[in-house]
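Visitor: missing the sequence, but the structure's below:
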């Protein structure tokens, strides 16, 4: 994650460590076993269910309490940390979408670029992202294991008649998608923790919330 703005050192150290990457072939010359495929529709349904579950859990939870982990951070530090984590989550979500798109194409066993409606939909994000790849990266949070070379995995070209190369590409894409998903969940957890700390401070001192309101445009105009 970007360290611009002087990221505070005191942040939660608990983490969800992504699953270990598979080491590749189990035996020389034998392709790795393909991961269980999941359709884009099923993936979208599961994502919607997860969002609904998180929303319901937040609604049912008691008011957040102060966490001593954040005692050394000022209100501005907390807001900056939450903003930084949010920016990182945006980058991770973008990479996850285009990795998923490429994985769906590889698993379709159809030539990339085949004029099929499903492939057109699957590739829509990926094709529009080529010009942005050079400007986006995912730098892991300090205490989370590094992510794979996402640009290399996403852009790798292989001969579709080479079953071994295709199986390896599918495995690497699936690994990247899994690790991005783990990383994204950890970012969500940390964003929730920082948000809870902010809410707890606002509950203790409601006037602190006024600091985040924009200046009154009428007052600013009258004073000009």
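Guide: The structure has been received and is ready for your questions. These numbers were taken from a predicted model, which means no experiment stands behind them.
Visitor: for the rest of this, base every contact and every neighbour count on C-alpha atoms.
Guide: OK.
Visitor: check which helices and strands the helix or strand harbouring residue 185 is in contact with.
Guide: In the assignment (DSSP states H and E), residue 185 maps to helix 163-204. Counting contacts by 3 or more C-alpha pairs under 8 Å, 6 or more residues apart in numbering; DSSP states H and E, helix 163-204 packs against helix 75-108, helix 150-155.
Visitor: who wins for proximity to residue 64 among those helices?
Guide: helix 75-108 (15.1 Å; C-alpha to C-alpha).
Visitor: that closest one to helix 163-204, inter-axis angle?
Guide: Here the directions of helix 75-108 and helix 163-204 differ by 160 degrees (axes from the mean of the first three to the mean of the last three C-alpha atoms, to 10 degrees).
Visitor: who are the packing partners of helix 75-108?
Guide: Using 3+ C-alpha pairs under 8 Å, 6+ apart: helix 75-108 touches helix 117-128, helix 150-155, helix 163-204.
Visitor: confidence-wise, which of these is weakest overall?
Guide: Of all those, the minimum mean pLDDT falls on helix 117-128 (a mean of 46).
Visitor: thinking again about what came up before, turn the helices and strands packed on helix 163-204 into a markdown table, including distance to residue 42 and mean neighbour count.
Guide: Converted to a markdown table, these look like this (distance: least, C-alpha to C-alpha, whole Å; neighbours: other C-alpha atoms under 10 Å):
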| stretch | distance to residue 42 | mean neighbour count |
| --- | --- | --- |
| helix 75-108 | 12 | 19 |
| helix 150-155 | 22 | 16 |
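Visitor: could these go into TSV alongside distance to residue 48?
Guide: Below are the helices and strands packed on helix 163-204 laid out as TSV (distance: least, C-alpha to C-alpha, whole Å):
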stretch	distance to residue 48
helix 75-108	15
helix 150-155	25
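Visitor: right, and those - which one's nearest residue 166?
Guide: The nearest among those, by C-alpha to C-alpha, is helix 75-108 at 7.5 Å.
Visitor: pLDDT on that closest one, on average?
Guide: The model assigns helix 75-108 a mean pLDDT of 90.
Visitor: check stretch 53-61 too.
Guide: Mean predicted lDDT for stretch 53-61 stands at 79.
Visitor: re earlier: for residue 185, which of the helices and strands packed on helix 163-204 is the nearest?
Guide: helix 75-108 (9.1 Å).
Visitor: of all the helices and strands packed on helix 163-204, which lies closest to residue 209?
Guide: Of all the helices and strands packed on helix 163-204, helix 75-108 sits nearest to residue 209, with 10.1 Å by C-alpha to C-alpha.
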